[in-house]
Structures are given as C-alpha cells and as structure tokens.
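**Q** just coords:
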C-alpha cells in the first residue's frame, strides 16, 4: 500500500470533514456502525481509520483521561506506547487552541476472522489521537490501525509487539523514531497525519455545549 491518495470525506452528516485514503471503504456500507463512529477500512489488509465521538472523560488531568481512553480501546489486551506527544498547531491547524494528543502503540495481533492467533512476532500498530473538547463535553478519539503480517512484522525494525523487544534486539533504553520504519508503518503514520491535519469541525452544533 504505497503512494496513498486521499479524499476529503464528510463525517457525522458533514459536521466534520477529514481526509481518508481514497480506496478505503466506508464500513457502514458493509455492516452497521455505531452512531458515534465513522469507520473506513482497507478491505485488502483490514487496516482501519476510525473517528469516534465520546463523552468527555473528567479526570484530574489530560494524561489520566488518555489512559482511561486507552484502557477502553484495548480492554484486557496488552499494549505498549512507543511515543506520545501533544500536537502542535502545524500538525492540527484546524484545532488551534484545542488540546490534542497523539500516540504510536502496538498490541499483539489476533486474526479474528478465523479465530486464530497469529505468529508470536506479529502485531497491530496503532496511531491514536485524542482531541479534548471541554465546552462541548466531548473527547474525539481518532484511531488508525495497521495489522502486520508475519513478513511485515519481520521487516519492521523500529518497534514490535509488547514483550517481544528482547527477541527483536530492542534495548531497554531505546527511544522510538519513525526514521527507519518499514512501509506499512510509514503508511499508518501518513494516514493519521493526513486525517488529523485536515480534521475540521465545521459545525460545533454536533456537540452538547456546557453553556447551553
């Protein structure tokens, strides 16, 4: 999946717009999707891009709220955060002044279609962005995930599934960088970057406003 092209899509009835891969399918055309989600899927590889509206999580700080959302995404599955950062204006120009946080993670790969666990080295790479709308009492969670086949997991040297660092030769003091990432991971980063950079809330009436 190289040289990805993108198309602007209207989300949630046009209240939000963002770029998604042009060849990906709106999952709602295949099966029912919850009203608070917009989901696009690469049916050839089962990678997905999900835009989800959630009730704002009220915690002591944004970090605790993010941990809550991650526990909701992964439930009991192990996961590892390889990098996390607060988005700058250039990364999300339409969200200027709105706190947004990004993470790159991995979790073990499970092939649900055949109820079969993949090779122990396989993993799913994820990029998660959480946008925190205080007045609108909403947390927007944008998740792109890229399942890695055995061949792709073997070729990827910059990260791995949680707990596989030793076999992969990744030292404990390792600091992740995308510089030498293999193509599937580069694609994932491109997809989330495009989705967030073009993410534009056109109608805040979509949300509940605490001043209403």
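**A** Alright, I've got the coordinates. Everything quoted here is computed from the prediction, not taken from an experiment.
**Q** name the SS class of residue 90, please.
**A** Under DSSP: H, G, I helix; E, B strand; the rest coil, residue 90 falls in the coil class.
**Q** run a quick neighbour tally on it.
**A** 8 (other CB atoms under 10 Å). The way it works is simple: take the backbone N, C-alpha and C, and place the C-beta from them, glycine included.
**Q** and the pLDDT at residue 113?
**A** pLDDT recorded at residue 113 is 48.
**Q** I meant to write residue 44 there.
**A** For residue 44, pLDDT reads 84.
**Q** sec struct for it, please.
**A** coil.
**Q** ok, it to residue 201 distance?
**A** 31 Å (CB to CB, to the nearest Å).
**Q** now the helices: where do they sit in the protein?
**A** 62-74, 150-155, 165-168, 183-197 (DSSP state H).
**Q** may I see the buried residues of the second one?
**A** By neighbour count on 16 or more other CB atoms under 10 Å, the buried set for helix 150-155 is 152, 153.
**Q** can you list contacts of it?
**A** 109, 118, 119, 121, 122, 123, 160, 161, 182, 184 (CB atoms under 8 Å, 6 or more residues apart in numbering).
**Q** mind running it again at 7 Å?
**A** 119, 121, 122, 123, 182, 184 (CB atoms under 7 Å, 6 or more residues apart in numbering).
**Q** could you find the closest non-adjacent residue to the last one?
**A** Translated: residue 184. The shortest distance from residue 184 to any non-neighbouring residue, by CB to CB, 6 or more residues apart in numbering, is to residue 152 (4.9 Å).
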